[in-house]
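Undergrad: Provided below for reference: sequence and predicted model.
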Amino acid sequence: MNRTQPLTFRPTAARYEEELAGFQTGFIQRPAVIYGARSADDVIAAVRYAAAKSLPVGVQATGHGLPGGSEGGVLITTRRMDGVRVDPEARTVRVQAGVCWGQVVAAAEPHGLAPLNGSAPSVGAVSYTLSGGLGILAREFGYAADHVRSLDVVTADGQLRRVTRESQPDLYWALLGAGHAFGVVTELEIDLVPVRRLYGGSLAFDGREVDPTALLRAYEEWTRTVPDELTSSFAAVPYPDIPALPPHLRGRYVLSVRVAYTGSGDEGAQLVAPLREFGPLLADSLREMPYSESHTIHSDPPAPHAYYGDSAVVSELDVARVGEVLSLAGPDAAGMCVVQVNHLGGALARPAPNSVPYREGRFLVRMLAVGERDAARARLDPAFALLAPVTLGRAVNFAFGAGDRTEGLYDAETRKRLAGLKSEYDPANLFRGNCLVSAAC
C-alpha cells in the first residue's frame, strides 16, 4: 500500500514545467494539476480527484504522443513507474506504465527473448501497445496488442482492475486498440518472443541520383517476394545541411529501405540482393546483429522536437499516387517532411480479440512534418487527399498531434462497439486522452 502523498504540480509550482516536458515539444497542454504517479495508488487518487471535480484526464509516460484531454484538467505522468519483471519460463514480461522499450529489450536479452517493440528505444511500452503497436518484427508476430496477457487498469470509477481476455473480454478488447479512452493502465503482462539476433539494417540511396518513384515501385514489387519473417519499410527523408549530421546524410535527400529479418544472414543477403542492385548506394548497414542493437535499423532521432504526423492504411500501394506524395513532401517542400511506407500483411492480417482495425491493409503510408501544427497540416493534407481512393483508414499509433481528427481511426463497426463500451465504463467521458469514441469529445 502506498502510504505517501501523491506528487502534485500546479502551474505555479517550480517543477511544473519540468514535470510537463516530454519528447513532443510542439503541442504542449496546460493541465490544472499534474499527478506524478509512483504507484497504482497514486493513479487511483488522481482519477478520483478528477472525477470529483469533473475534470478530464490525460496520461503521459515519455511524451512521444500528445496527452490529449489534459488541457485545464488532470495530467498523470507515469515515468516514475518503471518496473520490469521478466518470467523466462513463461516467456512473458510485466511492465509498469512508465517503462520504455529499451528497458524491456535489455531485461529480456539475457534470456534469449525479445519484446515486440517499435523502432525507438525511448518510446513508452504501454501507450504504444494500447494503440496497437506496429513493431520491427510485426509481419512475423503481429501487433504488440495481440500478445497481451493481462492489463492492470484504473477505470473511471476509481477502481483498479486486472483485466484479461477471460475475466472481462469486452474491456480487454476495447483497451487494446483504443488506449487511454477507457482508463489508466498501470501495468501490462505481455508475451516475449524467442529472438536473440536478426539480420537488419538499411540500404540508403541518394534521392537526387535515383528516381524516388522507380525505387518505390521496385520496393513494392520486392515485398511480394519476401517471407513473413521479413518486416521492412521504405523511407524518404530530406536531411538538413547541419554539422550535427554525418557527412553522407548532410543536406541530402535520402531514400532508404529498412529491413529486419529473423532468418540467417546468408538468407537475408539473398533476399535483399535485388534492392542492392537497384543503383549506387550511399550507405549499406545490413548485417547480423544482436537484438539489442535493433534500434540502429531506423536510428530514430533521440532529441525532443516539434512534429505533426498522420497516416493512411491502404488496400494497395498505388505507386503513382505515392510517387506524387513523395514529390509534394520532397526536398523542395515548404518545410521538412518525412514519408515512410510500412509493408503490412503476414501476422498483422490475422484476427485477434482486440480493437486494432484495418488488418486487411497491405501497406501503411506515414507522413511526419517538423514544426507548427497548422503549417504542417497544410503540407500533409493534400498528400493524404491523393491517397483517399485506396485508403482504408488511419493508424492510432501514428496520429502525431492529429488525434483530434477522429474520422478514419476505426472502421464503423469497431467504432460503434467502442462507443457502446465507452458509455458503460466511462459515461462522464473522464478519459479524453484518446478522444476517439465518444460523441462528447
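TA: Ah, there it is. Numbers count the residues shown, from 1 in each chain.
Undergrad: Can you list the buried residues in stretch 243-263?
TA: 249, 252-262 (16 or more other Cβ atoms under 10 Å). Every residue, glycine included, has its C-beta placed from N, CA and C.
Undergrad: now it: how far from the chain's centre is it?
TA: Computed by Cα atoms, centre = their mean, to the nearest Å, the chain-centroid distance of stretch 243-263 equals 20 Å.
Undergrad: Give me the distance between the two termini of it.
TA: Distance across stretch 243-263, first residue to last, is 37 Å (Cα to Cα, to the nearest Å).
Undergrad: With stretch 224-239 instead?
TA: 30 Å.
Undergrad: could you redo the buried residues of stretch 243-263 as CSV and give each row distance to residue 282, secondary structure and pLDDT?
TA: Shown next, in CSV, are these (distance: Cβ to Cβ, whole Å; DSSP: H, G, I helix; E, B strand; the rest coil; pLDDT from 0 to 100):
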residue, distance to residue 282, secondary structure, pLDDT
249, 8, coil, 82
252, 7, coil, 93
253, 10, strand, 96
254, 7, strand, 96
255, 9, strand, 97
256, 8, strand, 97
257, 12, strand, 98
258, 14, strand, 98
259, 16, strand, 98
260, 20, strand, 98
261, 21, strand, 98
262, 26, coil, 98
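Undergrad: And the residues you listed, which is closest to residue 207?
TA: Of all the buried residues of stretch 243-263, residue 207 sits closest to residue 253, with 3.6 Å by Cβ to Cβ.
Undergrad: give me the element residue 421 is part of.
TA: helix 412-425 (DSSP states H and E).
Undergrad: Can you list the helices and strands that that helix packs against?
TA: helix 169-178 (3 or more Cβ pairs under 8 Å, 6 or more residues apart in numbering; DSSP states H and E).
Undergrad: Please point out which parts of the helix it packs on sit buried.
TA: 171-178.
Undergrad: Also stretch 297-305?
TA: 297-298, 304.
Undergrad: Dump those residues into JSON lines; add secondary structure and distance to residue 28 as well.
TA: Shown next, in JSON lines, are those (DSSP: H, G, I helix; E, B strand; the rest coil; distance: Cβ to Cβ, whole Å):
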{"residue": "297", "secondary structure": "coil", "distance to residue 28": "30"}
{"residue": "298", "secondary structure": "coil", "distance to residue 28": "26"}
{"residue": "304", "secondary structure": "coil", "distance to residue 28": "11"}
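Undergrad: what would the residues you listed look like in CSV with pLDDT and distance to residue 324?
TA: Listed next are the buried residues of stretch 297-305 as CSV, based on pLDDT from 0 to 100; distance: Cβ to Cβ, whole Å:
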residue, pLDDT, distance to residue 324
297, 97, 28
298, 95, 25
304, 81, 32
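Undergrad: quick check, nearest of the buried residues of helix 169-178 to residue 109?
TA: The nearest one, if we look at these relative to residue 109 and count by Cβ to Cβ, is residue 176, at 25.5 Å.
Undergrad: Isn't that closest one up against residue 414?
TA: No: Residue 176 lies out of contact with residue 414 (Cβ atoms under 8 Å); the separation is 11.8 Å.
Undergrad: which neighbours do the two share?
TA: residue 355 (Cβ atoms under 8 Å, 6 or more residues apart in numbering).
Undergrad: same for the host helix or strand of residue 369, what does it pack against?
TA: If you go by DSSP H and E, residue 369 is part of strand 363-370. For strand 363-370, the elements it packs on are strand 307-314, helix 319-328, strand 337-343, helix 373-387, judged by 3+ Cβ pairs under 8 Å, 6+ apart.
Undergrad: Now do it: everything it contacts.
TA: Against strand 363-370 from outside (Cβ under 8 Å, 6+ apart): 134, 305-314, 316-317, 322, 325, 329, 335-344, 375-376, 379-380, 383-384, 387, 395, 398, 400.
Undergrad: same check, this time on stretch 295-308
TA: For stretch 295-308, the external contacting residues (Cβ under 8 Å, 6+ apart) are 21-27, 63, 102, 105, 119-122, 136, 200-202, 258-260, 285, 289, 368-373, 376-377, 380, 400-402.
Undergrad: Could you check the angle the worst-scoring helix or strand of the chain on mean pLDDT makes with strand 363-370?
TA: Least confident helix or strand, the chain: helix 373-387 with a mean of 91, by mean pLDDT, DSSP states H and E. Between helix 373-387 and strand 363-370, the angle comes out at 160 degrees (axes from the mean of the first three to the mean of the last three Cα atoms, to 10 degrees).
Undergrad: Please list the outside residues in contact with helix 373-387.
TA: 26-27, 307-310, 312, 314, 318, 321-322, 324-325, 328-329, 333-335, 337, 365, 367, 369-370, 391, 401-402.
Undergrad: Going by neighbour count, which of those residues are buried?
TA: 26-27, 307-310, 312, 314, 318, 321-322, 324-325, 328-329, 337, 365, 367, 369-370, 391, 401-402.
Undergrad: which residues does the spatially closest residue to residue 21 that is not a sequence neighbour contact?
TA: Spatially, and ignoring its direct neighbours in sequence, residue 21 is nearest to residue 63 (7.0 Å; Cβ to Cβ, 6 or more residues apart in numbering). Residues in contact with residue 63 (Cβ under 8 Å, 6+ apart) are 21-24, 304.
Undergrad: could you redo the last one with a cut-off of 10 Å?
TA: 20-25, 28, 77, 79, 122, 124, 304 (Cβ atoms under 10 Å, 6 or more residues apart in numbering).
Undergrad: Which single one of these is nearest to residue 222?
TA: Of all these, residue 122 has the smallest distance to residue 222: 30.4 Å, by Cβ to Cβ.
Undergrad: nearest spatial neighbour of that closest one, skipping sequence neighbours?
TA: residue 100 is the one closest to residue 122 (Cβ to Cβ, 6+ apart), at 5.4 Å.
Undergrad: Residue 251 too?
TA: residue 241 (3.3 Å).
Undergrad: likewise residue 58?
TA: residue 70 (3.0 Å).
Undergrad: ok, now residue 326?
TA: residue 212 (4.7 Å).
Undergrad: ok, the one you found - how many residues close by?
TA: For residue 212, the count of nearby residues is 21 (other Cβ atoms under 10 Å).
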